[in-house]
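Student: next comes the sequence, and after it the predicted model I'd like to discuss.
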Amino acid sequence: MSNKHRKQKRRRWVERHPGATETPPKVAPESALSPPLISAFAYGPGELVERQIHSVHELREFLNRCPVLWVNVDGLADHEVIQQIGQLFGLHPLALEDVMHLHQRAKIEEYGDNTFVTARMVQLVEERLETEQISFFLGRDFVLTFQERPGKDCIDTVRDRLRRGLGRLRTGGPDVLLYHLIDAVIDGYFPVLEQFGERLEELEERSTITPDQEVLQKIHRLKTDLLAIRRAIWPHREMINILVRDENAFIKVETRLFLRDCYDHTVQLIDLVETYRELAADLRDLFLSSVSNRLNEVIKVLTIISTIFLPLTFIVGIYGMNFNTEKSSWNMPELNWYYGYPFAYALMAVVTAILLGFFYRRGWIGRGGGGTGGYGS
Amino acid sequence: MSNKHRKQKRRRWVERHPGATETPPKVAPESALSPPLISAFAYGPGELVERQIHSVHELREFLNRCPVLWVNVDGLADHEVIQQIGQLFGLHPLALEDVMHLHQRAKIEEYGDNTFVTARMVQLVEERLETEQISFFLGRDFVLTFQERPGKDCIDTVRDRLRRGLGRLRTGGPDVLLYHLIDAVIDGYFPVLEQFGERLEELEERSTITPDQEVLQKIHRLKTDLLAIRRAIWPHREMINILVRDENAFIKVETRLFLRDCYDHTVQLIDLVETYRELAADLRDLFLSSVSNRLNEVIKVLTIISTIFLPLTFIVGIYGMNFNTEKSSWNMPELNWYYGYPFAYALMAVVTAILLGFFYRRGWIGRGGGGTGGYGS
Amino acid sequence: MSNKHRKQKRRRWVERHPGATETPPKVAPESALSPPLISAFAYGPGELVERQIHSVHELREFLNRCPVLWVNVDGLADHEVIQQIGQLFGLHPLALEDVMHLHQRAKIEEYGDNTFVTARMVQLVEERLETEQISFFLGRDFVLTFQERPGKDCIDTVRDRLRRGLGRLRTGGPDVLLYHLIDAVIDGYFPVLEQFGERLEELEERSTITPDQEVLQKIHRLKTDLLAIRRAIWPHREMINILVRDENAFIKVETRLFLRDCYDHTVQLIDLVETYRELAADLRDLFLSSVSNRLNEVIKVLTIISTIFLPLTFIVGIYGMNFNTEKSSWNMPELNWYYGYPFAYALMAVVTAILLGFFYRRGWIGRGGGGTGGYGS
Amino acid sequence: MSNKHRKQKRRRWVERHPGATETPPKVAPESALSPPLISAFAYGPGELVERQIHSVHELREFLNRCPVLWVNVDGLADHEVIQQIGQLFGLHPLALEDVMHLHQRAKIEEYGDNTFVTARMVQLVEERLETEQISFFLGRDFVLTFQERPGKDCIDTVRDRLRRGLGRLRTGGPDVLLYHLIDAVIDGYFPVLEQFGERLEELEERSTITPDQEVLQKIHRLKTDLLAIRRAIWPHREMINILVRDENAFIKVETRLFLRDCYDHTVQLIDLVETYRELAADLRDLFLSSVSNRLNEVIKVLTIISTIFLPLTFIVGIYGMNFNTEKSSWNMPELNWYYGYPFAYALMAVVTAILLGFFYRRGWIGRGGGGTGGYGS
Amino acid sequence: MSNKHRKQKRRRWVERHPGATETPPKVAPESALSPPLISAFAYGPGELVERQIHSVHELREFLNRCPVLWVNVDGLADHEVIQQIGQLFGLHPLALEDVMHLHQRAKIEEYGDNTFVTARMVQLVEERLETEQISFFLGRDFVLTFQERPGKDCIDTVRDRLRRGLGRLRTGGPDVLLYHLIDAVIDGYFPVLEQFGERLEELEERSTITPDQEVLQKIHRLKTDLLAIRRAIWPHREMINILVRDENAFIKVETRLFLRDCYDHTVQLIDLVETYRELAADLRDLFLSSVSNRLNEVIKVLTIISTIFLPLTFIVGIYGMNFNTEKSSWNMPELNWYYGYPFAYALMAVVTAILLGFFYRRGWIGRGGGGTGGYGS
């Protein structure tokens, strides 16, 4: 494993030092962060303007133009730009700092002029689990979203819906938009978990049939991934619950009913993750039992072979002794018998038969066949 | 395992993507869902009309005809029909969406005009656990039930009771009907758990006597099934508790006393499931200990045989050496002894006796017999 | 194991289907239930009448005759009789149904005219744990008790105390009687747990000395029994807590002080059961470690013997080869040496000494002796 | 293990039947309980009278003589005396009963005229954990303490402090005395846990170096002792919390500040015990892994020796065959070669070298040395 | 391990006896505690005086000179000095006692005139985890900090920031200083956990590739360290929560917003520690499975070699028997065959081929290669 790859892997687990300074928000240390791509949607029941933004000045003209303004920022490297957006919309410095620190747990914070929400999206990229932070600001007439990285994401469906003017989205306020965005984030967990369900099933089969080192590592990876998912999803529950339960100046009562539905999905997800974790633990037990079954089988073969051939080798050893048959008729008379050699074979056959009978009675051979094995039974 | 079978198995565990749209409710993706069978019961203390319904129009004539109207819909494939029923009875679109998504946890939601309840029925079909979603709407003078699939189910007993006019059912309102239906769903768990109790007992016996691979897989399957049951039953507790505890416009105080009884049953079920889960975990330990016992026995046999025959083979090897007895009287004089050969046998007998004594003192043989085994004791 | 025995064993674990009907209470399915034995105690500070009752009519004459009437019913098979008693004392049908269903968890329910309490007694019958349900009704001037089976039970002490007029029992009201009865039920758990403590201690000793299959099964049985006890005792805590805490028309304030004492005992019991469960789990670990210790010892013996005799056998094999010494002086000159044979022994002695030294340095032999074993150390 | 010793050991775990009678308190069943030693301290800011008391009458003269009277009773066998003290100070019969039953959990109970507190002291006597019950009564101007057994205990420090008139103790009221006593009991746990910490460390070292049967038993004993400590200390937390939090007629507000400190110590103790329990569980894992490491090593030695000598023995066996070289030049011509014997040795050397190379490549020998072992690596 | 080293190691785990005396605070028993280094910072928006203090008298002149006075004491050995500081700032004796006892859990206590806070810093010194206690007093115009040991620590960043006049620190009151100090302590945990994350990753790799004894000990050490970190960090959560939530005379509302951020970091830390603990437990499982995999491989090699060579050795043994071929044509005619010797080889080749086929069919050799191993598959 190259050093760089190792570093990337580590980055998923290790939380960065979240900085002791409060103003201005510290520059996020990763230089690899992409420059921001900014897009704006200004819309109302009858209109929709969509534009790629290249400087914050362009945003000014969108203010107060439509009932709802949605600005989406992809990539958080250019703090200057983010500061400017912060000043434009009157965001609190602490919230901006949280936006730029990439290891937040999902949470919601009220800042008077707007509500700040952090969530975490998940994705499977080439079988590897990746999480991405997304932050929301909900104001009287705007929604801002800040994503860690550009690229395809689960909120594309919301954009489509906006463009096509489906459902209540265009006629609703910014709170309806926020609901749709959070709902898209939460629903993005389901296909990932579906993938995990398939992996579980595949590993269950392989655990019984070919329990090799690779299966073990896959089970380990699955458990680690489920732990990461669990860590990501749990705080959403509390966050959405606060949205549903607490009074909030920017969220209408009707929207809360939909958020309650979203809360149900979160509970369902948590339930599913916990179930999968228990299944994965059971799977590991099944795997270990299968391995121990095979070890048992190997040792049984060893025992059967040894137990049969050691006595036989002893017998042939006897007749390989060089006692002088001429000195005494007591000395190995068998060697001079007419049927001495066949007698030796007969002796060995009897011994073998006795031993096979012993193994058969214990159920080590026969019944069920040597090939099917079974637990040393 | 065929691909199709695998898919079916997976479907039990994997939750479907519950859809991001809110209106109109998304068509459930499985085309295999059966077309709806609709039946209506309109009844009061002195009358009962039962009819199979083929179009929603037929339902209209039942409205306001009797004190209580119960409409049961089996199969959820035809969303058009369900939408029409929704409009007829004034159901909320979010609730209708929940009806059609098949992986809900049991819950209760108030919608002003009616109360929406989701529950989950369980069944053993050819030893395999199947669950089926059932949704209820309770209104001022109606109860609607929506089931995932047609077929024999646990609410048949309620139908029978209605037809025969037994108990308080016919004289009670829709809340009494709802209680009977939920009670039937909950009571449907008991025979399934009784089956699991029998399996536990059978597996306990087999774990001690013939702990083979099949037993292991059965224990694994049992644990997985108990996990599924547990996941299904837990949310019912909260759901019924809300029915018992909270004010509800459509549920009379007397009925709550009966619902409390139903709540007791749910607690009893949860208690039983948790107990079974602990028993299953203990069973797995017992199984593994039995397997390791047998491995022990196999290794003991190997050790006894090896330890006896290795020295004997060594002795016969000695007298198979070819030292020239004529060169020196030091060279293997035994070969020329008169009783050389019997002496060799005597030597081997002594060695064997010493080893057997050693084994006996350690308790590896004798006491209790080689056949009964015992933990390598 | 006979089918019948298996069935009986199962019955302990499997909860019966608690019936979907509410009135009249369903006949309990077990025909083996004994016919009821009814006894009545009517008493006050200065008087005590004790009578065996054969029909419910006889009971009528006891009503209102003394300050307190205690009716005890042993066996629940004759539902007719129980119904009549229910009507006589004005008991609620749901409570009567609970009396006759034998798998209740301990609970308390208020029914206006009386208070209904269910508890569970435990007993060890020939080392096997048995539980029995007991239900209480507390009214203004009566206490009714319904037991599952006749026979010796833990409330005999209360009868004795009544007859002998000891303590405050005769001068107190029905609430004092109820306290004494519940206290007797709870105290009945202690001797059972004392038995379990002795078993634990015995098994701990056997686990280290003779860890055979029987010990394993006894540990398994003990864990199963502790699980059953735990399941029985836990709900009592909540039940008695409600008696202590909640206002109740039939329970005087002074009696609550005594019930608090009873609550303390329940907490102590739960504490003890949980401790025993942890001890039993530790015991299983100790057992498995001992077994693995013995396996280790067996394998060490195998290794020592094999490792010594394989090289020796190889050496004697060398001198059993038939190379022609006459063809060349290179061919096995040892065979013609004057001290060839002693030389071979000396060679073997050296090899053996080296191997023994190797084993000794590793601590496999010597120090501590081959007999005491020790973990393959 | 002698029967008597076994009984003593059991007594630590098994809770006695706490008696069904309420008045007069039942005689504690152990006749081995010592007769009571009674001492009285009457003191105020300027005076201190200390006296050994031989009859309850002597106590009377101490009443109302000084601001604070502390009576300490060591040993609970003579119930007569304890009853008399109870009457003298107006103690409640239920509390007196609790004093005499030796398996109480720590608790606090208000009885109007006085406050009753039970606690549990711990001690290590010859490496064995012993617990002793101590009960307190706090009244307006007195503190009574009842100990299970006479002998050196952790409240000696309080006596010393009283005699020497140190700190606020002499000037404070009975509540200050109670605080000092409870604080001494709690602080008495620390040296015991310090001992356990040392044991843990010693066992950790031995687990890696010499994991024998004795270490296993010591770990088991340690876990059992930690369980007992945990069971003893937990209820103190609630008890002291009630003292700190609830209004109490006899405890001044300033004293509560000190009790809060005592509460902190209890929390610290619980925290420490839980940490030690986790460390002990980890230790057991470490032990088992070490054992399995050694088993691995043993099996590796067996495999290396067998795998080298079996082929060699086979080779020498070949040249021990008796095929008639005179019949055919195909029959074992090697025997008549000039360098036949050295050739055989060369053959064996080659085989050995190949096998050693195989082992080396697998890392079974060499690197790290055969002596250091390593996990079958 | 030297005795001294052992003692030091123990000291980390064992809590000291926290002393029964309340005034004057007991001298901390460790004579190794360093003499205190005292430094004072007096500052306001426009000024900053920094001074090393050598006697408490010097401190007096700083009082009331600037809006904020921060006195930092490094090392707690000289109790006299600490007492004097206590009198100068009016600190409560119980709080001073807590300052000097080095095993406090993080907590907060209100003392009217000031607020007392204890926290715990962590550091990795040469791969070993060390914790250090730090106590804070927050008054109207001062902050006092007491550290266990002098040396580099995580609050140096706060000193720097003060000197450079960055951010809001100089313009804020003592509460802002307290926030910065606590924040620095909490943020000091992150680099330590980052280290642990790297260790986890390294051990995961080594567990699969070279699972030797050293890896096991490292995993054990890691688990022990995580337990210690967990024990240190948990109480901070409650402590900071109280700071955020409760009214406090010395903490302004704006500062609470920042403390909420600090609280979030603590929750994130706890979350991370728990995740690492689960990962470490999984790692141990992975390690054990890898070890058992290697054992399997070793045993498989043993079995293959034994199973092949035992029959071969038996065959060559047969032809080493000395039956007299001259007595009878039944006696070992093979020895006199023309192709007898090649026949023997052919026989052995056939046997070997059959056995190899058997192993191949079972998957023990071939497919995947003998070198790659795989779980006895």
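Tutor: That came through fine.
Student: hmm, residue A:239 is touching residue A:119, no?
Tutor: Yes. Using Cβ atoms under 8 Å, residue A:239 is in contact with residue A:119, at 7.1 Å. In short, each C-beta sits where N, CA and C put it, glycine included.
Student: leaving out sequence neighbours, find the closest residue to residue A:120.
Tutor: Spatial nearest neighbour of residue A:120, excluding adjacent residues (Cβ to Cβ, 6 or more residues apart in numbering or on different chains): residue A:232 at 4.6 Å.
Student: quick check: buried residues in the helix or strand where that neighbour lies?
Tutor: Applying DSSP states H and E as the criterion places residue A:232 in helix A:213-245. Of the residues in helix A:213-245, A:213, A:215-216, A:218-220, A:222-237, A:239-244 count as buried by neighbour count, 16 or more other Cβ atoms under 10 Å in any protein chain shown.
Student: hmm, the next helix or strand after it touching chain E?
Tutor: Next along the chain after helix A:213-245, taking DSSP H and E as the criterion, comes helix A:253-318. Yes. Helix A:253-318 is in contact with chain E by Cβ under 8 Å from any Cβ of the partner chain, via A:284, A:287-288, A:291-292, A:294-295, A:297-299, A:301-302, A:305-306, A:309-310, A:312-313, A:316-317.
Student: what angle do helix A:253-318 and helix B:213-245 make?
Tutor: 160 degrees (axes from the mean of the first three to the mean of the last three Cα atoms, to 10 degrees).
Student: and helix A:253-318, how far out from the chain's middle?
Tutor: 18 Å (Cα atoms, centre = their mean, to the nearest Å).
Student: that helix and chain B in contact?
Tutor: Yes. Interface with chain B: helix A:253-318 contributes A:257-258, A:260-261, A:264-265, A:267-269, A:271-272, A:275, A:278-279, A:282, A:285-286, A:289-290, A:292-293, A:295-296, A:299-300, A:302-303, A:306-307, A:310-311, A:313-314, A:317-318 (Cβ under 8 Å from any Cβ).
Student: what's the burial count for residue A:246?
Tutor: As a burial measure, residue A:246 scores 11 neighbours (other Cβ atoms under 10 Å in any protein chain shown).
Student: quick check on it: phi, psi?
Tutor: Geometry field for residue A:246 lists phi and psi as phi -80, psi 150, criterion degrees, to the nearest 10.
Student: what does the one 5 residues further on give?
Tutor: Reported as degrees, to the nearest 10, the phi and psi values for residue A:251 are phi -120, psi 120.
Student: thought residue A:244 was touching it, still the case?
Tutor: No. At 9.1 Å, residue A:251 does not count as touching residue A:244 under the criterion of Cβ under 8 Å.
Student: closest residue of chain A to chain D?
Tutor: residue A:320 (6.8 Å; Cβ to the nearest Cβ).
Student: quick one, what contacts that residue?
Tutor: Contacts for residue A:320 (Cβ atoms under 8 Å, 6 or more residues apart in numbering or on different chains) come out as B:316-317, B:320, C:320, D:320, E:317, E:320-322.
Student: okay, the residues you listed in a markdown table with pLDDT next?
Tutor: Shown next, in a markdown table, are those (pLDDT from 0 to 100):
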| residue | pLDDT |
| --- | --- |
| B:316 | 90 |
| B:317 | 91 |
| B:320 | 90 |
| C:320 | 90 |
| D:320 | 90 |
| E:317 | 91 |
| E:320 | 90 |
| E:321 | 90 |
| E:322 | 88 |
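Student: now those residues as JSON lines including distance to residue E:152?
Tutor: Converted to JSON lines, those look like this (distance: Cβ to Cβ, whole Å):
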{"residue": "B:316", "distance to residue E:152": "76"}
{"residue": "B:317", "distance to residue E:152": "73"}
{"residue": "B:320", "distance to residue E:152": "78"}
{"residue": "C:320", "distance to residue E:152": "76"}
{"residue": "D:320", "distance to residue E:152": "76"}
{"residue": "E:317", "distance to residue E:152": "75"}
{"residue": "E:320", "distance to residue E:152": "79"}
{"residue": "E:321", "distance to residue E:152": "83"}
{"residue": "E:322", "distance to residue E:152": "85"}
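Student: element containing residue A:321, please.
Tutor: Using DSSP H and E, residue A:321 falls outside every helix and strand.
Student: how close does the closest residue to it other than its chain neighbours sit to residue A:107?
Tutor: Nearest residue to residue A:321, sequence neighbours excluded (Cβ to Cβ, 6+ apart): residue B:319, at 3.8 Å. Taking Cβ to Cβ, to the nearest Å as the measure, residue B:319 falls 86 Å from residue A:107.
Student: so which of these two has more stuff around it?
Tutor: Counted by other Cβ under 10 Å, residue B:319 and residue A:107 do not tie: residue B:319 has more neighbours, with 23 against 17.
Student: and the residue of the stretch 51-200 of chain A nearest chain C?
Tutor: Closest point on the stretch 51-200 of chain A to chain C, by Cβ to the nearest Cβ, is residue A:200, at 28.0 Å.
Student: who's in contact with residue A:343?
Tutor: Residue A:343 sits next to A:334, A:337 when contact means Cβ under 8 Å, 6+ apart.
Student: how would you label it: helix, strand or coil?
Tutor: helix (DSSP: H, G, I helix; E, B strand; the rest coil).
Student: look at whichever residue of the stretch 51-200 of chain A sits closest to chain B and report its pLDDT.
Tutor: Nearest residue of the stretch 51-200 of chain A to chain B, counting by Cβ to the nearest Cβ: residue A:197, 4.0 Å away. The model reports residue A:197 with a pLDDT of 92.
Student: wait, is it part of a helix?
Tutor: Yes. Counting by three-state DSSP, residue A:197 is found in a helix.
Student: ok, it touching residue A:276?
Tutor: Yes. Between residue A:197 and residue A:276 there is a contact at 7.0 Å, judged by Cβ under 8 Å.
Student: which of these two has more residues huddled nearby?
Tutor: Neighbours were counted for residue A:197 and for residue A:276 using other Cβ under 10 Å; residue A:276 has more, 24 against 20.
Student: many thanks, I have nothing further to ask.
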